[in-house]
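**Student:** Pasted the sequence and its predicted model underneath.
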Amino acid sequence: MTSDTKASPPKDVSSGLFPPEIQRLMVDSAATRALAVGAWPKGVRHQCSDPDSIYHGYPYLFLDAFPDLKLAQVEPLARGAGLIFDSIIVADRVMDEETEHITGDVLGIEVMQFEGYRLLHPLIESTDPFWNRFRDYWVAYTEACLLERELASPEASWERFTEAQAVSVAVGKCGLAKVSVAGLAALAKDDRCYEPLTQSIERYYTARQMLDDLTDWRADLESGFPSLLLSRVTAAAFAGDRRQLRADGERTRREIYYGGHVGYTMRLALEAIAESERLTEGYPDLLWHRQTSAIRERCQAVLQQLEHIAEKRQATTRRLAVALPPPSDAWQEVAWDAVQRILHRWGASGGRRPTDAGRDVTSKVGDVLPLAMAADALCDVDSLLEGQLQPLIQSQVDYLVYRRRPGGGWSYSAVSMGLPADSDHLGLILRILLRAGRREDAEQHCAQLLSQLEDFGVLRPDGAVETWIRRSPQGETLPVGEPDAAVTAQLLEALALFDGQRFAEPIERGLTWLEEQQQADGSWRSSAYRGLYPTVACLRCLVALRSTSSVVGRAESFLRQAWRSADWGASASDAMSAALALQGLALAQGRARVRTRAIDLDELERAQSLLQRIQGVSGICDLTTAFVLRSAVLWHRLARASTMEEATP
């Protein structure tokens, strides 16, 4: 519901990699390339990638190994190889069935490949070994694609997708990069460095595939796409049954991060990168070294995060024990049960252990947003426990601060993707920092981003909040490209907590914009979050900051209808939706000076029973448990307030 829905951001952007002279040459090449493919009929979809895509500059990465070649000689090679790269990108989309324009895309593939070959043919003699090498690369690429498609079949077993098979696929799909080296060797008529450079590329792509598998595991799981990471998890946790792997995403997540699989694949990646760097150590001035160094640092960062998690969990376990008082009502009983489960999963002691106590921990690698949400829910209940949860809350906040990127902001993934900072993380993490009493940290780690909200126009005049905190759009494709209602709501709440006076005007504009985004049925939509969460997030913001808004009643009606009409089953998805629906109804009923009957009294017992039953649903994640906790606490407070009102003469 958070990072699960994020689109995969662009990879391999060359910003800062090439010197200005080459960067300018790549921009000019892009213009020439666009003119060539643009001359074809209008219905052809020739999707040339950005001018600064690294694949349009691959030959330049290895140019220093061929000192006799000039930039002017290499530019046509880079342009031709870049066109063929673009054709492969489109072909991947067609094979993945991610396009609605099959005819235009297929024609575009043919056009880009023709234009690429037309550039390469006059550069390199037909008898040169380059062409046989190029054909071999295509064969290996084809075999890799066919194997992936075969294993993506629901009936296929992943038992044979071993480490050797995974490396073979990674090597097979890196042919384009090797074409660049083969082309340079042909132009220079010098084969001496061909073998070490192409082998270095193969090792690099092996390492990068391990990182991509970690970054994309949720998308691979959904599509049934094979990877070494998921193959290992299937064998270790599901006895090779891929259906169970896909059905139990929470167990899969835990096994990935805490079953040793991330550590295994990252160490495999580091071994491959070490070999890649060894193969090119005789060419110290290659720009290629920047690429291998970046991959090595990313792998090391993932391993460091895993070590940090283990240390923090052990420290928290040693010092935290919570004594839960007897519950005063059924809602508090549900809340205490949720607290006990979170304590057990996060490695702490909290009274009785749940009956289904299995190994279950919060995923913090690549899951910053869910962790911030869960910690926020713990703050709700901590006031009822006289601060007993503070050590646990503070340890989670410490980790969130630790996960801050060196350049500022937080990342959607454990693996750095080169994305700008975003309002999504800023809103949720600023909120939890403030609620946890960490204003000094909030000012230290968020001040620059808060200033950039104003300086970069992220807080738009119409009230919407841009998702990405950057000076202006740079033309790259980013997930969640348009302002998002849920992201906007969460940031507005955090700004009000941080300094409501400073941000008073953008908050008021933003609240009006949120009201305008409400759908006819009373819900809100989001491209960043799914299910009922966007509606609950927007409702919470409006209840907190504009409680008399007329749209609150419409949102309440939508959630009441969702609650009454749903046939709540025993799935993890139903568990999360039910918890969110009840949370939203409690928020609506508890708004200041407004009292409505969000659900009838006879339905309250059903709600209590459902929340208790949710706790035992197989495969529910810590975030669902946190939503159950928040719902139970909200309804407990409503019940207590109602009792006090009735007792008042």
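**Tutor:** Cool, the structure landed. Keep in mind that this is a model prediction, so the values were computed, not measured.
**Student:** hey, let's count contacts and neighbours off CA atoms from now on
**Tutor:** Will do.
**Student:** Return the backbone torsion pair for L459.
**Tutor:** phi -80, psi 90 (degrees, to the nearest 10).
**Student:** Kindly report the same for P226.
**Tutor:** Here P226 shows phi and psi, under degrees, to the nearest 10, equal to phi -80, psi 150.
**Student:** Just the helices from the stretch 351-500 of the chain, written as ranges.
**Tutor:** For the stretch 351-500 of the chain, applying DSSP state H, counting those that start in this stretch gives helices covering 368-382, 390-402, 423-435, 439-455, 485-499.
**Student:** Ok, which of these comes nearest L25?
**Tutor:** Ranking the helices of the stretch 351-500 of the chain by proximity to L25 (CA to CA) places helix 439-455 first, at 32.0 Å.
**Student:** can you tell me the average pLDDT over the closest one?
**Tutor:** Per-residue pLDDT values across helix 439-455 average out to 93.
**Student:** Could you pull out the buried residues of that helix?
**Tutor:** Applying a neighbour-count criterion of 16 or more other CA atoms under 10 Å, one finds 439, 441-443, 445-446, 449-450, 452-453 buried in helix 439-455.
**Student:** again, but for stretch 131-142
**Tutor:** Across stretch 131-142, burial judged by 16+ other CA under 10 Å covers 131, 133-134, 137-138, 140-141.
**Student:** Redo the helices of the stretch 351-500 of the chain as a markdown table? Include distance to P59.
**Tutor:** Formatted as a markdown table, the helices of the stretch 351-500 of the chain follow (distance: least, CA to CA, whole Å):
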| stretch | distance to P59 |
| --- | --- |
| helix 368-382 | 37 |
| helix 390-402 | 38 |
| helix 423-435 | 37 |
| helix 439-455 | 37 |
| helix 485-499 | 41 |
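**Student:** quick one: which of those has the weakest pLDDT on average?
**Tutor:** Comparing mean pLDDT over these, the weakest stretch is helix 390-402, at a mean of 86.
**Student:** where along the stretch 501-649 of the chain do the helices fall?
**Tutor:** For the stretch 501-649 of the chain, the helices defined by DSSP H, counting those that start in this stretch occupy 504-517, 533-545, 551-565, 572-589, 601-614, 622-647.
**Student:** Scan the helices and strands of the protein for the one with the lowest mean pLDDT.
**Tutor:** In the chain, no helix or strand scores lower on mean pLDDT, DSSP states H and E than helix 601-614, which sits at a mean of 74.
**Student:** Does that one pack against any helices or strands, and if so which?
**Tutor:** helix 330-345, helix 572-589 (3 or more CA pairs under 8 Å, 6 or more residues apart in numbering; DSSP states H and E).
**Student:** chain center to the shortest one: distance?
**Tutor:** Yep, that's helix 330-345 we're talking about. The chain centre lies 29 Å from the centre of helix 330-345; the measure is CA atoms, centre = their mean, to the nearest Å.
**Student:** What of stretch 274-283?
**Tutor:** Offset of stretch 274-283 from its chain centre (CA atoms, centre = their mean): 32 Å.
**Student:** Repeat that for stretch 292-307.
**Tutor:** 17 Å.
**Student:** Quickly note the distance from the closest residue to W513 other than its chain neighbours to E454.
**Tutor:** Nearest in space to W513, with sequence neighbours left out and distances taken as CA to CA, 6 or more residues apart in numbering, is G463 at 5.2 Å. G463 sits at a distance of 12 Å from E454 (criterion: CA to CA, to the nearest Å).
**Student:** do the same with R471
**Tutor:** 10 Å.
**Student:** for N132, same thing?
**Tutor:** For N132, the distance to E454 - CA to CA - is 56 Å.
**Student:** and if you look at S180?
**Tutor:** Plainly put, S180 is 44 Å away from E454 if you go by CA to CA.
**Student:** And D329, by the same measure?
**Tutor:** Taken as CA to CA, the span from D329 to E454 is 46 Å.
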